[in-house]
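Visitor: got a structure for you, letters missing:
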């Protein structure tokens with residue numbers, strides 16, 4: 001499940017990048033304004049980055065359990081994870 005959540009967040013981010021680039025290129029090639037495309041793409045990139053951060057984990061040095069990336073203490077063994 002964890003791998004799937006990270007994959008989905010990467011895909012959302014990549015789609016956001018593609019929407020932003022394509023809409024900017026088309027807007028400048030057609031001579032029209034930028035439009036709403038880049039804003040939608042940037043919103044998707046932000047959503048993908050937030051989801052990636054929420055699903056990131058690391059391995060505890062004490063017990064080998066997986067804990068949140070920003071965790072300061074292991075929830076399994078109580079090991080201090082801050083260096």
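Guide: Arrived safely. Here the structure is a predicted model, which is why all the values come from computation and not from measurement. Numbering: from 1, shown residues only.

Visitor: who's in contact with stretch 57-72?
Guide: 2, 53, 56, 74-82 (CB atoms under 8 Å, 6 or more residues apart in numbering). Placement of C-beta: from N, CA and C, glycine included.

Visitor: need those in CSV (columns: pLDDT and distance to residue 28).
Guide: Putting the contacts of stretch 57-72 into CSV (pLDDT from 0 to 100; distance: CB to CB, whole Å) gives the following:
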residue, pLDDT, distance to residue 28
2, 69, 40
53, 74, 32
56, 77, 36
74, 91, 51
75, 89, 50
76, 90, 53
77, 92, 56
78, 90, 56
79, 90, 53
80, 90, 52
81, 86, 47
82, 80, 47
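
Visitor: nearest to residue 12, of those residues?
Guide: When the contacts of stretch 57-72 are compared for distance to residue 12 (CB to CB), residue 53 comes out closest, at 12.6 Å.

Visitor: ok, the closest one - contacts?
Guide: Shown in contact with residue 53 (CB under 8 Å, 6+ apart): residue 69.

Visitor: please enumerate the strands of the protein.
Guide: 57-59, 66-68 (DSSP state E).

Visitor: for residue 79, what are its contacts?
Guide: With contact taken as CB under 8 Å, 6+ apart, residue 79 is in contact with 60-63, 73.

Visitor: okay, which residue is most central for the protein?
Guide: Taking CA atoms, centre = their mean as the criterion, residue 49 is the residue nearest the geometric centre of the chain, at 2.5 Å.

Visitor: surely it meets residue 13?
Guide: Yes: between residue 49 and residue 13 there is a contact at 6.3 Å, judged by CB atoms under 8 Å.

Visitor: count of neighbours near residue 16?
Guide: Residue 16 is flanked by 21 other residues according to other CB atoms under 10 Å.

Visitor: surely it is in contact with residue 49?
Guide: No: judged on CB under 8 Å, residue 16 makes no contact with residue 49 at a distance of 9.1 Å.

Visitor: now for the longest helix along the chain, which elements pack on it?
Guide: The longest helix of the chain (DSSP state H) is helix 2-30. If you count contacts as 3 or more CB pairs under 8 Å, 6 or more residues apart in numbering; DSSP states H and E, helix 2-30 packs onto helix 37-55.
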